[in-house]
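**Q** can't give you the sequence, but here's the structure:
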């Protein structure tokens, strides 16, 4: 494996098996320095196992990992100095205050940022004397990111950084990630929110069953679908799939909640045909919307399943 | 960019702050042993020898034997050991049967002593009552014996108890503080988060130990100082040696705590293991009564327990005023346990 200086993270053929399940099944990745790279996939796709292998926390059963041109075996201790990590649902000592926690983490790194400055950057300075156990979910997530940033890392690993956060906290965290990148940092994050991936990531790897099933910029991934648009509708009584499948221009109709979602090439061609079909079937149209295809549709196109089945 | 402070110092300060901010932990380390000492100290405080209750009856019931029985009560009351009381005959038998009195004296000719020979206090009462009645009846002793009573400092129960409580506290604090703190950190994935930083693992483990040792001096002051102030329990040996012994004991039980916490994932698991380890020592290691009382067959086991050895060393320094060489063997046993526990704990420790 040859690491070029422009590569931040590279892995090849990663495999990790647990007792009854193969979590990662031959996964390859390359993250370029300075980019924000997203691992997008449903829960259980192997995202966390993958990122923890890359972080040197989990030993893979097979495969190679190269971080910043070196490996965990060769220079693990030095690598730790250069990475900032936020685990999925990072927990910190509840009895310590925010400032004490950040100072503790700062002390582990030879070089790093001023704890007060990091807190100010993450709008936590008002909470500096508050116990970690008393913080809200959004504040806890921010202090987790603060702990990752205080060592002034070259790469930031974020495992589901915004899961469970309110919209305001999500936006704030996105801003922090954008700021970090503005300073030349590389970000590798996992998420199961397609909007997060589309908004933050330069490139996205869609992961399912421990493998990368699609890779590219969000725009590339979306335009790779023959169908650039999606019609979503609900009719009563419901139509059956066979009738939808034969509609001209429709590829792979699928359920999205109670609705049907029809990926289509040209809206102007398909919408009138669909309305005519509903009319002929004696159904009543409850609602119909159309939108540009998203990463969600990319995922569906590759797997036949929705990204978040909730 | 900013300057960093020492990670070991920061970790230790954080550990100490976590401890202080846990009011329950502070209670168990400082207040509980003192309360225990006070309670036991009062229960076993100095007082005159116990008096043995004795009943006197007049079975014949006539005036002469009643008068003899009344006289016998007066005579027996002259003994410092006996607490005589007059009973009607059936009452007296009942009191003896139920253990209210240890001896029943039936005043007839000749007088009869009724008692259970297997009860030591009954046998003492019999001897004392016999002696008093014989003397009252005019016996002259052939040999005059002078009795000298001893109440030496250091021989009281509280003198025995305070070093035992100190040992017990060193064990409890060492084991609980390490086992709970480390297990909690693993259970909540704080350990995993920490090893994702450049933190040196040895710094983390050392800070756990230093955080605990930081409370050693206050703990000693509370127990030894409290014992001295409240009960006049003196330290006869060197205070330095006592401190060194406590330090060694604290380290050993830190090692044991670390061993308990080396793999266990839940607080319940840690708690169960800690109790499993400590319970035999509470019972066998001579905290509340001398471990010598256990049968000879189990003595090798009892003596090999770290708390037995620590208590022996602590009592040596505090009560006997022993020197380092005199307590070298128990100290070696304590140290051996410490080294073994740390070695195994570090070998099998799981960081996630």
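**A** Thanks, I have it. Not measured: the values here are computed from a predicted model.

**Q** quick one: pLDDT of residue B:267?
**A** For residue B:267, the pLDDT comes out at 93.

**Q** oh, that last question was meant for residue B:299, not what I typed.
**A** Residue B:299 is assigned 93 on the pLDDT scale.

**Q** tell me the secondary structure for it?
**A** What DSSP: H, G, I helix; E, B strand; the rest coil gives for residue B:299 is helix.

**Q** wait, what's in contact with it?
**A** Contacts of residue B:299 were listed using CB atoms under 8 Å, 6 or more residues apart in numbering or on different chains, and they are residue B:292. Backbone N, C-alpha and C define where each C-beta goes, glycine included.

**Q** quick one: it from chain A, how far?
**A** To chain A, residue B:299 is 44 Å away according to CB to the nearest CB, to the nearest Å.

**Q** identify the residue spatially nearest to the residue nearest the centre of chain B, adjacent ones excluded.
**A** The centroid of chain B falls nearest to residue B:288 when counting by CA atoms, centre = their mean (2.4 Å). In space, and not counting its chain neighbours, residue B:288 is closest to residue B:164: 6.5 Å by CB to CB, 6 or more residues apart in numbering or on different chains.

**Q** residue A:17 now?
**A** residue A:61 (5.5 Å).

**Q** okay, now the one you found: neighbour count?
**A** 14 (other CB atoms under 10 Å in any protein chain shown).

**Q** which residues sit in contact with the residue of the stretch 151-300 of chain A found nearest chain B?
**A** Chain B sits closest to residue A:151 of the stretch 151-300 of chain A, with a gap of 7.0 Å, by CB to the nearest CB. Residues in contact with residue A:151 (CB under 8 Å, 6+ apart) are A:81, A:83-84, A:105-106, A:108-109, A:111-113, B:197-198.

**Q** for the nearest residue to it once chain neighbours are set aside, grab phi and psi.
**A** Computed as CB to CB, 6+ apart, the closest residue to residue A:151 that is not its neighbour in sequence is residue A:109, at 3.7 Å. The phi/psi pair for residue A:109 (degrees, to the nearest 10) reads phi -100, psi 140.

**Q** contact partners for residue A:109?
**A** Here residue A:109 is in contact with A:81, A:150-152, B:4, B:197-198 (criterion: CB under 8 Å, 6+ apart).

**Q** neighbours of the residue nearest to residue B:288, how many?
**A** Look at residue B:164: counted by other CB under 10 Å, it has 23 neighbours.

**Q** do you know the pLDDT at it?
**A** pLDDT, read off for residue B:164, is 93.

**Q** now it: which helix or strand?
**A** Element membership of residue B:164, judged by DSSP states H and E, is helix B:157-187.

**Q** swap in residue B:26?
**A** helix B:23-26.

**Q** list the contacts of that helix.
**A** B:19-20, B:176-177.

**Q** in those residues, find the pair that's most separated.
**A** B:20 and B:176 (15.0 Å; CB to CB).

**Q** ok, now which ones touch residue B:312?
**A** Contacts of residue B:312 by CB under 8 Å, 6+ apart are B:286, B:327, B:330.

**Q** a helix runs through it, doesn't it?
**A** Yes: assessed by three-state DSSP, residue B:312 belongs to a helix.

**Q** how's chain B carved up into domains?
**A** For chain B, automatic domain parsing gives the domain ranges B:7-44+B:155-348, B:52-136.

**Q** and the longest one, how far apart are its ends?
**A** Here the two ends of domain B:7-44+B:155-348 are set 24 Å apart, with distance taken as CA to CA, to the nearest Å.

**Q** thinking again about what came up before, neighbour count winner among residue B:20 and residue B:176?
**A** The residue with more neighbours, out of residue B:20 and residue B:176, is residue B:176; 21 against 13, by other CB under 10 Å.

**Q** pretty sure that one contacts residue B:256?
**A** No: with contacts counted by CB atoms under 8 Å, residue B:176 stays clear of residue B:256, the gap being 10.6 Å.

**Q** where exactly do the helices run in the stretch 1-150 of chain A?
**A** Using DSSP state H, counting those that start in this stretch, the helices assigned to the stretch 1-150 of chain A run over residues A:47-54, A:72-82, A:98-107, A:115-121, A:137-149.

**Q** please read the previous query as pertaining to the stretch 201-310 of chain A.
**A** Under DSSP H, counting those that start in this stretch, the stretch 201-310 of chain A gives helices at A:218-223, A:241-245, A:267-281, A:295-303.

**Q** and the stretch 101-250 of chain B, which residues reach chain A?
**A** Within the stretch 101-250 of chain B, the residues that sit near chain A (CB under 8 Å from any CB of the partner chain) are B:185, B:188-190, B:192-193, B:195-199.

**Q** can you put these in CSV and add pLDDT and secondary structure?
**A** Shown next, in CSV, are those (pLDDT from 0 to 100; DSSP: H, G, I helix; E, B strand; the rest coil):
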residue, pLDDT, secondary structure
B:185, 94, helix
B:188, 92, coil
B:189, 92, coil
B:190, 94, helix
B:192, 94, helix
B:193, 95, helix
B:195, 94, helix
B:196, 94, coil
B:197, 95, coil
B:198, 95, coil
B:199, 95, coil
